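what would the 3D arrangement of this be:
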Amino acid sequence: MFRDSLQKMVDRLTGGVAGILMGFDGISVDSYTKPGEEAIDIQTVGMELAHVVAQMRKAAEQLGSGSLREITLKADSLVVLVYLISSEYFVACAVKPEASFGKARYLMRLLAPQIQAEL
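Numbering: from 1, shown residues only. Below you'll find the model as predicted:
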């Protein structure tokens, strides 16, 4: 159901690797991994992120900085951008370091209202 939307987002990105719609409970709603990029286990990445994002949300609230909207995790060979859709769900996009982070963030912001409407 959401796979087509995730696929469109990832495939529009030069350097796009995978995308996932995940609940904060660590359960994946849907995901997509670009062919040839199966070495990236987006399910595991999503599960690990669910806990981290939940903790970051709490920290942002305790600091009085308002609601958390986005998180970017940069590693040597992968960048994961996280966009919070609601109090229950987030979408994450894994890209190669040379990808356009701005475009990825833009596409995630476009995708969020579509997903919200379908949830």
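
pull out the buried positions in the longest helix anywhere in the chain.
Counting by DSSP state H, the longest helix found in the chain is helix 42-62. Neighbour counts over helix 42-62 (16 or more other Cβ atoms under 10 Å) mark Ile42, Gln43, Val45, Gly46, Met47, Leu49, Ala50, Val53, Arg57 as buried. For glycine as for every other residue, the C-beta is placed from the backbone atoms N, C-alpha and C.

so the most centrally placed residue in the chain is in which element?
In the chain, the C-alpha nearest the mean C-alpha coordinate belongs to Ala92, at 0.7 Å (Cα atoms, centre = their mean). In this structure, Ala92 sits in strand 89-95 according to DSSP states H and E.

next structured bit after that strand?
Using DSSP H and E, the helix or strand that follows strand 89-95 towards the C-terminus is helix 101-118.

in that next one, which residues are buried?
Phe101, Lys103, Ala104, Leu107, Met108, Leu111, Ala112, Ile115.

which one of these is nearest Phe24?
Nearest to Phe24 among the buried residues of helix 101-118 is Ile115, at 14.5 Å by Cβ to Cβ.
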